[in-house]
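In: what's the 3D shape of this:
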Amino acid sequence: MRILIYSYNYHPEPIGIAPLMTELAEGLVKRGHDVRVVTAMPNYPERKIYPAYRGKFYTTETRNGVKIQRCYVWIRPNPGLLTRILLDGSFVVLSFLQALQGWRPDVMLYTSPSLPAAAVPAVLLKTLYRCPGVLNLQDILPEAAVQTGLISNRHAIRLFEMLERFAYKGTSHISVIAEGFRTNLLGKGVPNEKMTTISNWVDVNFIRPLPKYDNAFRQANGLGNKFVVLYSGNIARTQGIRTVIRAAAELQDIPDIAFVIVGEESQLADLEDLRQQLGVENVILRPFAPRAALPEMLAAADVGLIMQKRNVVGFNMPSKTQVLLASGRAIVASVPAHGTAAAAVRASGGGLVVEPEDPTALADTIRDLYKNREETERLGQRGRQHALDQYSFEQALNRYEALFQRLRSQFRGQRHPEIAEAEVKSPAQPYEVELPSNLP
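Out: Numbers count the residues shown, from 1 in each chain. You can find the predicted model right below:
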């Protein structure tokens, strides 16, 4: 197949959806498909275009068999509503023009942190190219923006709700990453048969249990044999990272417990101010390291943290969940009890769920795990096994490939009923169809 992936984020961005879309694109190429990616100039998580890509409107490159077509975007470090509109608008227009420079796809997959940036150009391209399109939902928008206070103007909310309906109606199919997302969309009138649940995945060969104490990350940060509690990832509106600092303050009576927070350097400044204000000495703040160092950093931890605020319920599923499980370390999830993240952690058997934005609850749970190291080890082992069973990349790749082939077959059958029966083959097999000579 010829597959067009339309994703705002892609390699070399180290976290979030970028590694997932990169692995998916390259995995499809390895299976013999032609893949091109339309994406923005890399800018995440710093929200600054990377130096090698500055001063350009468009670039095209090939990496591991994937053709990558990039466009300029209007990005600012701390986007408000106006700058967010300019960001989305620049991507909509420039990426659409870039997407026209290439072969016509058999199927499209589009995903983005913003529905306007994903849905508007992708639905237009789907119509223009006359091919099926799959919307990959990583968050339920605009609910996430409304609940976290990013959007409060009622006219803006109404506009984004209209865009949401446009996106769901205009796409051929929707892939959701958790059953909670499906439930949410069913309540909005999206037909069940229009959705497929495909969890985000993790490369279980890359992220794996490594030695905890003979570890370069521990040595570089003077952690020795301490009980390490790690948070690594985005520090944004949906996370309650300040809760980690406050929980650390309640555990200063145990000098063997150390907290490590790894994130975007500019976002660490506010946490450093809070750390100093509270007089907390058992917290280490570090900027992101290269992705190649991620497995060893995760292995240095005894406990990995997932953090969310109370108002983040059914519209957010942190991609770090699968990564932490694969690392073989226990998880403490400070997340809403009825949210998708809580459900995933409980199902894995690899972690504990505590009340979000409650420093005392978080501190008490960490204290208990510190005192019961055997239970901490058991949680990590169960989580690793669950990742192997449920979140391997090959499983997700199989499901996406089968979905794409099914949609292509259905779409061709609708356009040319005379070949529909000829294309009914196993989704795992390539299509070899002899087309009737009278087809246009």
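In: is it fair to say Leu375 lies in a helix?
Out: In this structure residue 375 is Glu, not Leu. Yes. Counting by DSSP: H, G, I helix; E, B strand; the rest coil, Glu375 is found in a helix.
In: Quick check: it touching Leu369?
Out: Yes. Counting by Cβ atoms under 8 Å, Leu369 is a contact partner of Glu375 at 6.8 Å. Any C-beta I mention is one placed from the backbone N, CA and C, and that applies to glycine too.
In: So which of those two has more stuff around it?
Out: With neighbours defined as other Cβ atoms under 10 Å, Glu375 and Leu369 compare such that Leu369 has more, 22 against 13.
In: Need the nearest residue in space to that one, chain neighbours excluded.
Out: Leaving aside its sequence neighbours, Leu369 sits nearest to Thr376 (Cβ to Cβ, 6 or more residues apart in numbering; 4.7 Å).
In: Quickly note the distance from that neighbour to Leu159.
Out: 47 Å (Cβ to Cβ, to the nearest Å).
In: and if you look at Ala220?
Out: Separation of Ala220 from Leu159 (Cβ to Cβ): 48 Å.
In: Strands of this structure, start to end?
Out: With DSSP state E, the ranges of strands along the chain come out as 2-7, 34-40, 58-63, 66-71, 107-111, 133-137, 173-176, 195-197, 227-232, 257-263, 283-287, 303-307, 330-334, 351-354.
In: could you redo the ones you listed as JSON lines and give each row mean pLDDT?
Out: Shown next, in JSON lines, are the strands of the chain (pLDDT from 0 to 100):
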{"stretch": "strand 2-7", "mean pLDDT": "96"}
{"stretch": "strand 34-40", "mean pLDDT": "97"}
{"stretch": "strand 58-63", "mean pLDDT": "97"}
{"stretch": "strand 66-71", "mean pLDDT": "98"}
{"stretch": "strand 107-111", "mean pLDDT": "95"}
{"stretch": "strand 133-137", "mean pLDDT": "94"}
{"stretch": "strand 173-176", "mean pLDDT": "95"}
{"stretch": "strand 195-197", "mean pLDDT": "96"}
{"stretch": "strand 227-232", "mean pLDDT": "97"}
{"stretch": "strand 257-263", "mean pLDDT": "97"}
{"stretch": "strand 283-287", "mean pLDDT": "96"}
{"stretch": "strand 303-307", "mean pLDDT": "97"}
{"stretch": "strand 330-334", "mean pLDDT": "97"}
{"stretch": "strand 351-354", "mean pLDDT": "98"}
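In: which one of those strands lies closest to Leu87?
Out: Ranking the strands of the chain by proximity to Leu87 (Cβ to Cβ) places strand 34-40 first, at 8.9 Å.
In: For the closest one, which helices and strands make contact with it?
Out: strand 2-7, helix 17-30, strand 66-71, helix 81-99 (3 or more Cβ pairs under 8 Å, 6 or more residues apart in numbering; DSSP states H and E).
In: The second one relative to strand 34-40, how many degrees between them?
Out: I take that to be helix 17-30. On the basis of axes from the mean of the first three to the mean of the last three Cα atoms, to 10 degrees, helix 17-30 is oriented at 160 degrees to strand 34-40.
In: Any buried residues in helix 17-30, and which?
Out: 17-29 (16 or more other Cβ atoms under 10 Å).
In: Can you tell me which of the residues you listed is nearest Arg154?
Out: Closest approach between these and Arg154, by Cβ to Cβ: Ile17, at 29.2 Å.
In: Count residues in the vicinity of the residue nearest to the closest one when sequence neighbours are not counted, would you?
Out: Excluding the flanking residues, the one nearest Ile17 by Cβ to Cβ, 6+ apart is Asn9, at 4.8 Å. Residue crowding around Asn9 was assessed by other Cβ under 10 Å; the count is 23.
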